[in-house]
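Just to be clear, the model below is a prediction. Sequence and coordinates:
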Amino acid sequence: MEILSFIFSAENIRTAIILMAILFMRSEFLHKLTVVELGFEKRLSELREELRMEIGKFRDEINATLDARFTAFHKQLKENDFAHLERTIKALTYMLEKNKFLSADDKKFYRRTS
């Protein structure tokens, strides 16, 4: 009997109730923490996806800009090459005329094609 009265004493029952309340509160806290973590992970995943989409758009814009700049540069380079080639032909023609290596027929052919 003493053992039963010791087990069911008011102080031991209070202690057991407090321990059960602490365990219940701990489990509720862990459950809420898990829910918050899941919500946080979901939001983080959404932000990650939004960031990927923005980076993709930014990459497309950069590629389009670089393509346009490369095309313009290539066009200018090509025009400069043809201009340089034309100046070189004129200079060579002048030198050939000056040194009398170019005949009258050659001059007519050159002037007709340029």
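Thanks, I have it.

When you work out contacts or count neighbours from here on, use the C-alpha atoms and nothing else.
Fine.

Which parts of the protein are helices?
2-7, 10-98, 104-113 (DSSP state H).

what about N12, how many neighbours?
13 (other CA atoms under 10 Å).

Please apply the same query to Y94.
Y94, neighbours per other CA under 10 Å, totals 13.

before we move on, the earlier item: pick out the shakiest of the helices of the chain, pLDDT-wise.
The stretch with the lowest mean pLDDT among these is helix 104-113, at a mean of 64.

out of the helices of the chain, deepest packed?
Comparing the helices of the chain by mean neighbour count (mean count of other CA atoms under 10 Å), helix 10-98 ranks first with a mean of 12.

Packing partners of that one?
Packed against helix 10-98, as judged by 3 or more CA pairs under 8 Å, 6 or more residues apart in numbering; DSSP states H and E, are no other helices or strands.

Quick check: F101 vs E28, distance?
Relative to E28, F101 is positioned 103 Å away (CA to CA, to the nearest Å).

Same question for T34.
10 Å.

Please compute how far stretch 35-42 lies from its chain's middle.
26 Å (CA atoms, centre = their mean, to the nearest Å).

Also stretch 12-23?
56 Å.

Could you do stretch 79-97 as well?
46 Å.

How about residues contacting that stretch?
102-103 (CA atoms under 8 Å, 6 or more residues apart in numbering).

any idea which residue sits dead centre in this protein?
I55 (3.9 Å; CA atoms, centre = their mean).

Distance of it relative to R48?
Distance from I55 to R48, by CA to CA: 10 Å.

Then M95?
Taking CA to CA, one finds M95 at 68 Å from R48.
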